[in-house]
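# need coordinates for the below:
(one chain, ligands or ions: 1)
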Amino acid sequence: MHDEQLLRYSRHILLPGIDVEGQEKLLQARVLVVGVGGLGSPVALYLAASGVGKLVLVDDDKVELSNLQRQIAHQTSDIGRAKVESGRDAVVALNPDVEVELIAERLAGDVMLAAVEGVDVVVDCSDNFATRFALNQACVRTQTPLVSGAAIRSEGQLSVFDFRRADSPCYRCLYSPDAGDEQLNCSEAGVLAPIVGVIGSLQALETVKVLTDFGETLTGRLLLLDGATMECRTLKLGKDPSCPVCGRQ
Ligand SMILES: [Zn+2]
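Numbering: from 1, shown residues only. Purely as a prediction, here's the structure:
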């Protein structure tokens, strides 16, 4: 690290659990951020500020007026632009050292697998179950840690699936695609702006922990936050031995 970096990251370096060694790990890390919306905005900004070396931003959407209530990486002047481009501008303005790669399409199939294979951590900030299940499958296959977050109305949830550990459950252990839950999203159900900020910030925190081995991640636990009452619960998550994705065949 040169002098300017030592100064920029000095508040990380002061932490005994991070130090110069942890900051070096962040600087060398590559993170895939799937979705540059309400969750992806704080994830991308906090990871950029933290000095993560490379961010791969994925989104096939353009910025719309109704996004600006919560998607804080985008400005009013960005309306009509690709979210990945305006997200990149926000990241680079904050920290020009961060290398940013853009994928302006909905990830699926081999493109998704290649993108997951090329990074150290995947952060799921997507808004649809098809992407969530496919990302989980790609992460299990490549043993890439997955930091999963979701928010709707005034509620949010968060977990880490760390497939470098044999005992980690996966997203599919927790949710079934045929559970019959109607696919709710913010455009139909609404969401309080700061709740996506809170959950996205926690996703960034868990990502930094996974990358630096700081503290103890949420692996094997699910955090549920109700912003309306500020009730927070953490449930233990076990691996489902009969899970079709991560269970033994
Ligand atoms: Zn599983």
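# drop to CA atoms for contacts and neighbour counts, all remaining ones
Fine.
# which residues of the chain lie near the ion?
Within the chain, the positions near the ion by Cα under 5 Å from the ion are 170, 172-173, 243, 246.
# who wins for neighbours among these?
Using other Cα atoms under 10 Å as the neighbour criterion, Cys170 leads the residues of the chain next to the ion with 30 neighbours.
# and the end-to-end length of stretch 48-63?
With Cα to Cα, to the nearest Å as the measure, stretch 48-63 spans 20 Å from end to end.
# now swap in stretch 115-133 and tell me
Note: stretch 115-133 ends 15 Å apart using Cα to Cα.
# chain center to that stretch: distance?
8 Å (Cα atoms, centre = their mean, to the nearest Å).
# what comes up buried for that stretch?
115-117, 119-127, 131-133 (16 or more other Cα atoms under 10 Å).
# and if you look at stretch 238-249?
239-240, 243, 245-246.
# now do stretch 82-100
82-92, 95, 97-100.
# show residues contacting it.
36-37, 41, 44-45, 48-49, 51-63, 73-74, 78, 102-104 (Cα atoms under 8 Å, 6 or more residues apart in numbering).
# that older thread, adding secondary structure and pLDDT, write the residues of the chain next to the ion out as JSON lines.
Below are the residues of the chain next to the ion laid out as JSON lines (DSSP: H, G, I helix; E, B strand; the rest coil; pLDDT from 0 to 100):
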{"residue": "Cys170", "secondary structure": "coil", "pLDDT": "97"}
{"residue": "Arg172", "secondary structure": "helix", "pLDDT": "96"}
{"residue": "Cys173", "secondary structure": "helix", "pLDDT": "95"}
{"residue": "Cys243", "secondary structure": "coil", "pLDDT": "96"}
{"residue": "Cys246", "secondary structure": "coil", "pLDDT": "95"}
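# next up, the contacts around Ala166.
No contacts exist for Ala166 under Cα under 8 Å, 6+ apart.
# am I right that it sits in a strand?
No - using DSSP: H, G, I helix; E, B strand; the rest coil, the assignment for Ala166 is coil, not a strand.
# roughly how far does it sit from Gly220?
With Cα to Cα as the criterion, Ala166 and Gly220 are 11 Å apart.
# quick one: the helices in the chain?
3-8, 10-13, 19-28, 40-50, 83-94, 109-117, 129-142, 171-174, 186-189, 193-212 (DSSP state H).
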